[in-house]
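Novice: Test case, fold it:
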Amino acid sequence: MNKLQVQERMALREEERASELRKIDAIPQDEFERLENNRAQIQAEIEVTQVQLKKTSIKAPFSGLVGLRNMSLGAYVGPSQSIVELQQTNPLKLEFDIPEKYMREVSMGQKVSFEIVGFEKPFEATIYATSTDISPTTRSFKVRARCPNPNGMLKPGNFAKVEVITGTNSHAIMLPSDAVVPVIDGQKVFLAKSGKVEERLVTTGAREGIMIEIVSGINANDTVIVSGLLAIAAGMPIEIGEIVDYSIHLN
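Specialist: Residues are numbered from 1 along each chain as shown. Predicted coordinates:
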């Protein structure tokens, strides 16, 4: 490139001198045109070289963090070869699956929280896309969310435990699932009423870990027996040893 630029400067000077000489007919017209063509040819070669140099510069369509290099210095790079790892780190995209029964409760712009191993506090992301179909094997659909990561604390590929709140019910009655006994007619629990055991058929709802929602059959202030169920029966006298409050919110 430097050689061509020197040749261009020399060709321009020769053309300028020839132009002055041509004014007084000191050189023939064809000699002047030869010098013009020589200068134009050199400039054309410079333009071709500049285009070729631009092709040696590779620019990514987005900003991110450069990782490990996949090629050594001086190696020839082909059109399909990977040179270096480049990953966008701010914002990060979070992808997770949600059971199909919650499809109507998920919407664009909804906030979700997630936990990463090694961090005490949870992070927050915003849903921006959902799949339009249900997986036939898992009966779930994919959801994608964006999470700001200005400090670079989160890394692409981190495993996240995601929590999506689809609704709240502050009046839900939750019991340990061991307190619910299956029977022919459905399910029942044992209550402590006036010092005696009482059976009550119940209807259950959603599960939350080891807890299960009681939709109907008991009231919020009822005392439910949760241990020693194999040794009791309806009408037996009972003494309450310890009362545990299982009041929680169902998400």
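Novice: can you confirm Gly157 is in a helix?
Specialist: No: assessed with DSSP: H, G, I helix; E, B strand; the rest coil, Gly157 is coil; it does not lie in a helix.
Novice: Check the gap between it and Pro150 for me.
Specialist: 19 Å (CB to CB, to the nearest Å). The C-beta positions use only the backbone N, C-alpha and C, and glycine is treated the same way.
Novice: Would you mind listing the buried residues in the lengthiest strand in the chain?
Specialist: If you go by DSSP state E, the chain has its longest strand at strand 196-208. Buried residues in strand 196-208, defined by neighbour count with 16 or more other CB atoms under 10 Å: Val197, Glu198, Arg200, Val202, Thr204, Gly205.
Novice: Stretch 41-50 now?
Specialist: For stretch 41-50, using 16+ other CB under 10 Å, the buried residues are Ile42.
Novice: same check, this time on stretch 3-15
Specialist: Leu4, Gln7, Glu8, Ala11, Glu14, Glu15.
Novice: same deal with stretch 224-238?
Specialist: Val224, Ile225, Ile232, Ile238.
Novice: Which members of these are positioned in strands?
Specialist: Reading strands off the buried residues of stretch 224-238 with DSSP E, I get Val224, Ile225.
Novice: Contacts only, for the residue positioned nearest the centre of the chain.
Specialist: In the chain, the residue lying closest to the centroid (CA atoms, centre = their mean) is Leu94, at 1.6 Å. Each residue near Leu94 by CB atoms under 8 Å, 6 or more residues apart in numbering is listed here: Val112, Phe114, Ala125, Arg144, Ala145, Arg146, Cys147, Ala160, Val162.
Novice: what about 6 Å?
Specialist: Ala125, Ala145, Cys147 (CB atoms under 6 Å, 6 or more residues apart in numbering).
Novice: Likewise for Pro237?
Specialist: Per CB under 6 Å, 6+ apart, neighbours of Pro237: Gly195, Lys196.
Novice: so where do the strands sit in the stretch 1-150 of the chain?
Specialist: 65-69, 84-87, 92-99, 111-116, 123-130, 140-147 (DSSP state E, counting those that start in this stretch).
Novice: Name the residues of stretch 121-141 that are buried.
Specialist: Phe123, Ala125, Ile127, Thr130, Ser140, Phe141.
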